[in-house]
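Student: build me a structure from this.
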Amino acid sequence: MKSFEYGDKEISNLDMTITVSSMIIGVGILMLPRELAKEVQGSDGWMSMLAAGILAIGVAWLLAKIATHFSTQGYYAYAAAAVTKPIAFIAVFSLSLYFLSFCAYEIRAIANIAKQYLFETTPVEVIAFSFLMVNVYAVSGSRVGLIRLNILFIPIVLIITAAVLLFSLGMVDIKDFKPFFTTDWKSLASAMKTTAFSLLGFEVVLFYITMMNRPKEAPKAVMIGVLIPVIIYTCIYLVCVGVFSQMALPEITYPAVELAKEMTIPGEFFERFESIFFTIWIMAVFTTTVMAYDCTIYALSFLFTKPKHKTWVFVLSPVIYLMCMYPKNLSDFDKMSSFISYFGIVVSIMMPIVIHIVAKLRGVKSDVS
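Tutor: Numbers count the residues shown, from 1 in each chain. Take a look at the predicted model:
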């Protein structure tokens, strides 16, 4: 008898595509239109968005291509053979710290936003703790179950996002898109850097490649996974410019949420659609957070084989909570975001590339036949 298709521990190309998209789509889009509006004039942010998207897709393809070389043995074993075990230990441990910080950042961000829009009288500490506990429960289960959960959540997120954009088109003023092509290249480059940080997350392929039933097709799956958020982010940015204008956007903390507040549904079926939008978006942030949590455990399990999965879950949870509560104000939170982004580029993109180059030079055994 043939086993149930979704009862195994392998994931398909579609699973990987949706996993990458779910990892990227998080709190970044809620603030990205504001950050772009600070750097560019008119609606020129779409050029930075497109350039950053192309760069992210290219880097994601390269990282997935590298990951296919250790789709069976794993990142740590491949790195150890290439650059010795001590250096490989540092590389993988640094990667676990990156995902741990990523998880803490997402939890604090969702706590800040939830307090502003949903729970005005609830302390941030309580919201963050509650959200963390949900993640602890989720990550304690099956790893493949988390990946399949993305397939359940992502269609809902995409449908609600499409609804917000569709019902907001009536408020778009074409004049707010002008002037065109007036932003200097330095400002476009700065905006491109901001956008690129919001597209991080495809690094999960370094770990989840070991679960794919056809790892050679990972590069294509990852590229599509990055392309989906690029399209969504660009559409949200352009609609936000058309509704609020480029001059007003820098003063709006979370333009995407405010867009949901401003939109009108025929018949006034919903009066506060932003609550529905934000509640659904919490699902997207949840999948991002729980996968960052899981990747942290995945990385540490390569280095320390004795502790069980659930042991890591409960050991790391207070560390994550303390990290997410470390920023005392919005300025500290922004600094935390920048640090995580730069740190992530170094340990999750540059290090694997360097390790792969060394592996090729030394003739290290590859899983690619």
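
Student: which residues in the stretch 51-200 of the chain form helices?
Tutor: 75-83, 85-117, 124-139, 143-168, 185-198 (DSSP state H, counting those that start in this stretch).

Student: contact partners for the residue nearest to V144 when sequence neighbours are not counted?
Tutor: Closest residue in space to V144, ignoring its immediate chain neighbours: K9 at 5.1 Å, by Cβ to Cβ, 6 or more residues apart in numbering. For every residue, glycine as well, the C-beta is placed using N, CA and C. Applying Cβ atoms under 8 Å, 6 or more residues apart in numbering to K9 gives the contacts 143-144, 211.

Student: now distance to M49 and neighbour count too, for the residues you listed, in TSV please.
Tutor: Compiled in TSV, the contacts of K9 are given as follows (distance: Cβ to Cβ, whole Å; neighbours: other Cβ atoms under 10 Å):
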residue	distance to M49	neighbour count
R143	32	19
V144	33	17
M211	31	20
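
Student: isn't T72 right up against K216?
Tutor: No: shown here, T72 and K216 do not form a contact pair, counting by Cβ atoms under 8 Å, at 11.8 Å.

Student: quick revisit: with mean pLDDT and distance to S338 added, can I get the helices of the stretch 51-200 of the chain in JSON lines?
Tutor: Output for the helices of the stretch 51-200 of the chain, formatted as JSON lines (pLDDT from 0 to 100; distance: least, Cβ to Cβ, whole Å):
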{"stretch": "helix 75-83", "mean pLDDT": "87", "distance to S338": "26"}
{"stretch": "helix 85-117", "mean pLDDT": "89", "distance to S338": "11"}
{"stretch": "helix 124-139", "mean pLDDT": "90", "distance to S338": "20"}
{"stretch": "helix 143-168", "mean pLDDT": "85", "distance to S338": "26"}
{"stretch": "helix 185-198", "mean pLDDT": "84", "distance to S338": "8"}
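
Student: relative to V222, which of these is closest?
Tutor: helix 143-168 (13.8 Å; Cβ to Cβ).

Student: chain center to the closest one, what's the gap?
Tutor: Helix 143-168 sits 14 Å away from the centroid of its parent chain (Cα atoms, centre = their mean, to the nearest Å).

Student: same for that helix, what does it pack against?
Tutor: When contacts are defined as 3 or more Cβ pairs under 8 Å, 6 or more residues apart in numbering; DSSP states H and E, helix 143-168 packs onto helix 13-24, helix 124-139, helix 218-244, helix 255-262, helix 273-303.

Student: buried set for stretch 123-141?
Tutor: Buried positions in stretch 123-141, judged by neighbour count with 16 or more other Cβ atoms under 10 Å: 124, 127-129, 131-132, 135-136, 138-139.

Student: export the helices and strands packed on helix 143-168 to JSON lines and tack on distance to F333?
Tutor: Output for the helices and strands packed on helix 143-168, formatted as JSON lines (distance: least, Cβ to Cβ, whole Å):
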{"stretch": "helix 13-24", "distance to F333": "20"}
{"stretch": "helix 124-139", "distance to F333": "11"}
{"stretch": "helix 218-244", "distance to F333": "21"}
{"stretch": "helix 255-262", "distance to F333": "17"}
{"stretch": "helix 273-303", "distance to F333": "15"}
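
Student: which of those is buried the deepest?
Tutor: helix 13-24 (a mean of 25; mean count of other Cβ atoms under 10 Å).

Student: show me what that one packs onto, helices and strands only.
Tutor: helix 143-168, helix 205-208, helix 218-244, helix 273-303.

Student: now these in JSON lines, with distance to V59?
Tutor: Formatted as JSON lines, the helices and strands packed on helix 13-24 follow (distance: least, Cβ to Cβ, whole Å):
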{"stretch": "helix 143-168", "distance to V59": "21"}
{"stretch": "helix 205-208", "distance to V59": "11"}
{"stretch": "helix 218-244", "distance to V59": "9"}
{"stretch": "helix 273-303", "distance to V59": "18"}
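
Student: touching, R34 and E258? I think so.
Tutor: No: look at R34 against E258 with Cβ under 8 Å: they stay out of range, at 9.7 Å.

Student: between those two, which contacts overlap?
Tutor: Common contact partners of R34 and E258 (Cβ under 8 Å, 6+ apart): I252.

Student: distance of L322 from F314?
Tutor: Using Cβ to Cβ, to the nearest Å, L322 is found at 14 Å from F314.

Student: ditto for L62
Tutor: Going from L62 to F314 by Cβ to Cβ gives 36 Å.

Student: now swap in Q73 and tell me
Tutor: Applying Cβ to Cβ, the value for Q73 to F314 is 29 Å.

Student: which one's more surrounded, these two?
Tutor: Ranked by neighbour count (other Cβ atoms under 10 Å), Q73 and F314 place Q73 first, with 16 against 10.

Student: for S96, give me its contacts.
Tutor: 295-296, 299-300, 303.

Student: swap that for S71, please
Tutor: Neighbours of S71 in contact, by Cβ under 8 Å, 6+ apart: 209-210, 212, 215, 218, 367.

Student: so the closest residue to A81 other than its chain neighbours, which state does it fall into?
Tutor: Take A81 and drop its neighbours on the chain: the residue closest to it by Cβ to Cβ, 6+ apart is V364, 4.6 Å away. Put simply, V364 is coil when judged by DSSP: H, G, I helix; E, B strand; the rest coil.
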